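Novice: any chance you can model this:
(chains A and B)
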Amino acid sequence: MSATAWAWLVLLFPLLGSIVIGLGYRTIPARAAGIVGTAAIALSFACGIAALVNLLGEHPEARHHAASLWDYASAAGLDIKLGIFVDPLSIFMVLVVTGVSTLIHLYSFGYMQSDEGYHRFFSYLNFFVFSMLLLVLAGNFVLLTVGWAFVGFASYALISFWYRRATATAAGMKAFVINVVGDIGLVLAAFLIFREIGSFDYGTVFAKAPDVFATNGWTVTAICLLLLLGAFAKSAQLPLHTWLPDAMEGPTPVSALIHAATMVTAGVYLIARTHTLFVLAPTAADIAAFTGLATLLVAGTIALVMTDLKRAIAYSTMSQIGYMVVGVSIGAYSAGMFHLMTHAFFKALLFMAAGSIIAAMANEQSIDKMSGFGKAMRFTSAMLLIGGLALAAFPGTSGFFSKDEILAYATARGGMYEIFTVLGYVGALLTAIYTFRLVFRILPGVPCKEAQELIDTGHVAHEEPRNPATGEIEDTDVGFPGAEHHIAEQSWSMKVAMGVLGFLALVGGLVQIPGVDDVIGKFLEPVFANSPLSEIQPSVSADWVGLGIGGAISVLGIAIAYFFYVAQPATPAILIQRLRPLYTLLVNKWYFDEAIDFLVVRPALAIGRFANRTFERVVVGGLVTGTEDIVGTAGRVVRTVQSGFVRGYALLLIGGFAGLALYFLLSAS
Amino acid sequence: MTTEWYIVLSSLLFAIGATGILIRRSPVVILLCLELMLNAGNLALVAFSRMVGNQEGQIFALIVMVIAACEVVVGLGLIVAIFRRRLPLNVDDLRELRG
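Specialist: Below is the predicted model:
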């Protein structure tokens, strides 16, 4: 079978899984739903591998295939096919998405066990994977938009999964609205591309773009900026990032899958996919890179002070995606994609470990209340530590190789791009500090009440289920996290999933060691060969210098975190006292929510109220009540004729006929 | 005899029928008057048929008779139903459908 045939199968299995579980929830037993859901994604992953093998069997230059099932719309110069595009980039994304998704499904199989909405959860999760695969495999901008919007919906459905939690539904709406802002950008960009090039097809667009667009012309810049609007909304970059921390209201596997490993990287994929356009619009690419840089620094600083475990990891996600955006925007394409892959491994792992700990804390998410889990949960702690080391780019782990490759490229490009190297290393220091702040506050120390209970009795702490955000007591009957919590130590499926990811987070970087091997770079090379930026390559020695600095910074960051949170636990409080204004700024997340509320939400509401008072009441109300009055009056007048006397009606009839006859007689003569 | 006389007779019959409908209250009489009006029409049709010299008018007259028969069936049925329910046989009293 050809690579494209396998790619269709990749798409088919998650869709089938979603439909089967969604429609058969009455008949399929809960465990079977989990098995079906996991198996669907695993099969999809297997088909992805088959497609990869197929691609590798071909000449590197020939590794791109377009295929279509049927014409979606074909009229008046418009030719949209239900088509996919298979090349190393899309297969790379397929493998990352399905691979990590399989493990997260496996984790959910145990984690969500006692949830009332088990079927619903797996159906949504499979639908999400299908949408994401549609997004990465789409062969034209229309199908891309479809996948893009499906992903947004799946994210909404899963964030609001515990739909009786008011905070969760609000977070879902926020995510949806902000994502739709991005969707508008993407759709407008597609329209502009069609107007200029006359096609939605990737192959045609990218082939014709260099001839149609002048470098840095306003059209191509506008297209790229609109694409960036879409990418930023989906990938939680400034200033459209505020939905991501709130999205942590969803179940933890959702946070791991959607809001760390896959969906939020869609923006990075989009920039990489349309790199041909960004090469033609260097200004837009620079805007993207600087936004990524700003995001990675802002999110890194916020992560330093977050006390909610999942939100802290969410800010870290934003920050890491900032690195990827910088990478694919300045031309370090394969490095950016490589970081996307390793980040998917270690961030999913971190979320899984966090989920396990939160379960052990009976849904409490504040790290202020956690301590001493190192003794209580050895496996989870080991995984948290591995994830933390990889995130902090500790030498030898996967994050170590991927992050520094982006920064080494920035150095090699030189000029203004040196800023990215310097500030990137500052971000790396922040990363190491905030990551190990979490690790050092959760793992060592005197076991907290829940950890002690786990050590003493081996039972997970049991409390009345509360909403971690508001503290309200919740009803576990419908759509709420089940009454039972599940931790990795007591569930084989969670353990397997975390173990595999832990292994990958440790050694995943070894595929791309400078000077030794370059698996991902070589594999993705044909996709980016047409970009002049991909000719810039840092020398192997420069790479190793960068790695050395990165490793030193990582160790330094861990040491700082050790000093603050283990050696001198009193210092953070003193620092907070000294730097009160800075701390307030960070705790309030740089006031982005408030700024958006002030600049966008309030004016919009004011306009709405104004329209309600004037237009709605006067124009619309006048039209409606006016029409009603006319009809009513006419009715009252005509009603008097309806006397009920048969003779009256007969008289009207005869009189009418006589009148008509008279009229015709007179007019004829 | 010329056709005009037939038409004059037809018009007279029609006017008598119409007047009957307008001034009488008994449903039976109203029905009779209706028949009168229909037959006035028939007379006119036949007269015109003779004047033109073909049979179409006569065929129409036959159709009108059929319709008249059907109408009498419905009308008498209604009258019997009214009578059985012991309602007054007076059309002015049967005015539930007023607006």
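Novice: which strand is the longest one in chain A?
Specialist: In chain A, taking DSSP state E as the definition, the longest strand is strand A:65-75.
Novice: quick one: residue A:15 and residue A:123, what's the gap?
Specialist: 11 Å (CB to CB, to the nearest Å). In this view, the C-beta of every residue, glycine as well, is placed from N, C-alpha and C.
Novice: and these two? Which one has more around it.
Specialist: The neighbour count for residue A:15 versus residue A:123, taken as other CB atoms under 10 Å in any protein chain shown, is higher for residue A:123 (24 against 18).
Novice: in terms of helices and strands, where is residue 36?
Specialist: No chain specified, so I'll use chain A. Here residue A:36 sits within helix A:30-56, counting by DSSP states H and E.
Novice: hm, I was asking about chain B
Specialist: Counting by DSSP H and E, residue B:36 is found in helix B:27-52.
Novice: can you give me the buried ones in that helix?
Specialist: B:27, B:30-49 (16 or more other CB atoms under 10 Å in any protein chain shown).
Novice: with stretch A:538-551 instead?
Specialist: For stretch A:538-551, by 16+ other CB under 10 Å, it's A:538, A:543, A:544, A:546, A:547, A:549, A:550, A:551.
Novice: how far does it sit from its chain's centre?
Specialist: 31 Å (CA atoms, centre = their mean, to the nearest Å).
Novice: average pLDDT for it?
Specialist: For stretch A:538-551, mean pLDDT is 82.
Novice: over to stretch A:456-466?
Specialist: 70.
Novice: just stretch B:63-80 next, same as before
Specialist: 92.
Novice: name the residues of that stretch that are buried.
Specialist: For stretch B:63-80, a neighbour-count test (16+ other CB under 10 Å) marks B:68, B:75, B:79 as buried.
Novice: how about stretch A:280-300?
Specialist: Going by 16+ other CB under 10 Å, stretch A:280-300 has these buried residues: A:280-282, A:284-285, A:287-293, A:295-300.
Novice: what about the nearest residue to residue A:519 once chain neighbours are set aside, how many neighbours?
Specialist: Nearest non-adjacent residue to residue A:519, counting by CB to CB, 6 or more residues apart in numbering or on different chains: residue A:511, 4.2 Å away. Neighbour count of residue A:511, defined by other CB under 10 Å: 18.
Novice: would you agree residue A:511 is in contact with residue A:520?
Specialist: Yes: between residue A:511 and residue A:520 there is a contact under CB atoms under 8 Å: 6.0 Å.
Novice: overlap in contacts of those two?
Specialist: Jointly contacting residue A:511 and residue A:520 under the rule CB atoms under 8 Å, 6 or more residues apart in numbering or on different chains is no residue at all.
Novice: and the longest helix along chain B, what does it pack onto?
Specialist: Secondary structure of chain B per DSSP state H: the longest helix is helix B:56-84. Taking 3 or more CB pairs under 8 Å, 6 or more residues apart in numbering or on different chains; DSSP states H and E as contact, the helices and strands that helix B:56-84 lies on are helix B:27-52.
Novice: now do the helix it packs on and helix B:56-84, the angle between them.
Specialist: 180 degrees (axes from the mean of the first three to the mean of the last three CA atoms, to 10 degrees).
Novice: can you name every helix or strand that helix B:27-52 contacts?
Specialist: helix B:3-23, helix B:56-84.
Novice: right, and those - which one's nearest residue A:354?
Specialist: Closest to residue A:354 of the helices and strands packed on helix B:27-52, according to CB to CB: helix B:56-84, at 82.4 Å.
Novice: which residues does the nearest residue to residue A:377 once chain neighbours are set aside contact?
Specialist: Leaving aside its sequence neighbours, residue A:377 sits nearest to residue A:489 (CB to CB, 6+ apart; 5.6 Å). Listed by CB under 8 Å, 6+ apart, the contact partners of residue A:489 are A:356, A:377, A:378, A:379, A:380, A:495.
Novice: what's the neighbour count on the second one?
Specialist: When you say that, I think you mean residue A:377. Neighbour number of residue A:377 under other CB under 10 Å is 26.
Novice: now it: how far from chain B?
Specialist: Per CB to the nearest CB, to the nearest Å, residue A:377 is found 81 Å from chain B.
Novice: next SSE downstream of the longest helix seen in chain A?
Specialist: Under DSSP H, the helix in chain A containing the largest number of residues is helix A:166-197. Using DSSP H and E, the helix or strand that follows helix A:166-197 towards the C-terminus is helix A:202-212.
Novice: residue ranges with poor pLDDT in chain A?
Specialist: Residues of chain A that meet the criterion pLDDT under 70 lie in A:461-471, A:473-483.
Novice: quick one, domains of it?
Specialist: A:3-587, A:593-668 (automatic domain parsing).
Novice: report the separation between the two terminal residues of the longest one.
Specialist: Distance across domain A:3-587, first residue to last, is 49 Å (CA to CA, to the nearest Å).
Novice: just give the nearest non-adjacent residue to residue A:360, would you?
Specialist: Using CB to CB, 6+ apart, the closest residue to residue A:360 is residue A:487 (5.0 Å).
Novice: mind listing what the one you found touches?
Specialist: A:356, A:357, A:359, A:360, A:377, A:380, A:454, A:460, A:494.
Novice: same thing with residue A:118?
Specialist: By CB under 8 Å, 6+ apart, the neighbours of residue A:118 are A:30, A:33, A:34, A:112.
Novice: go on, residue A:104?
Specialist: A:125, A:253, A:256, A:257, A:261, A:348, A:352, A:497.
Novice: for the third one, what is the enclosing helix or strand?
Specialist: Put plainly, it is residue A:256. helix A:252-256.
Novice: one step back: and the contacts of residue A:118, which is closest to chain B?
Specialist: residue A:33 (61.4 Å; CB to the nearest CB).
Novice: so that closest one sits against residue A:122, correct?
Specialist: Yes: Residue A:33 is within contact range of residue A:122, at 5.1 Å (criterion: CB under 8 Å).
Novice: between the two, which is the more surrounded one?
Specialist: Remark: of residue A:33 and residue A:122, residue A:122 carries more neighbours, 30 against 24, as counted by other CB under 10 Å.
Novice: report the contact partners of the more buried one.
Specialist: A:17, A:21, A:33, A:34, A:36, A:37, A:105, A:108.
Novice: how about 10 Å then?
Specialist: A:17-18, A:20-22, A:25, A:28, A:30, A:33-38, A:40-41, A:105, A:108-109, A:112 (CB atoms under 10 Å, 6 or more residues apart in numbering or on different chains).
Novice: okay, and it sits in which element?
Specialist: Assigned by DSSP H and E, residue A:122 falls in helix A:118-137.
Novice: next SSE downstream of that helix?
Specialist: Toward the C-terminus from helix A:118-137 - assigned by DSSP H and E - lies helix A:141-159.
Novice: using CSV, write out the CA atom coordinates for that next one.
Specialist: Extracted C-alpha coordinates of helix A:141-159, given in CSV (Å, rounded to 0.1, in the frame of the first residue of the first chain):
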residue,chain,number,x,y,z
PHE,A,141,-6.3,25.3,3.4
VAL,A,142,-9.9,24.5,3.5
LEU,A,143,-9.5,21.1,5.0
LEU,A,144,-6.9,22.6,7.3
THR,A,145,-9.5,25.1,8.5
VAL,A,146,-11.9,22.2,9.1
GLY,A,147,-9.4,20.3,11.2
TRP,A,148,-8.5,23.6,13.0
ALA,A,149,-12.1,24.2,13.9
PHE,A,150,-12.8,20.6,14.9
VAL,A,151,-9.8,20.7,17.2
GLY,A,152,-11.2,23.9,18.8
PHE,A,153,-14.5,22.2,19.4
ALA,A,154,-12.9,19.1,20.8
SER,A,155,-10.9,21.2,23.1
TYR,A,156,-14.0,23.1,24.2
ALA,A,157,-15.8,19.8,24.8
LEU,A,158,-13.0,18.3,26.9
ILE,A,159,-12.3,21.5,28.9
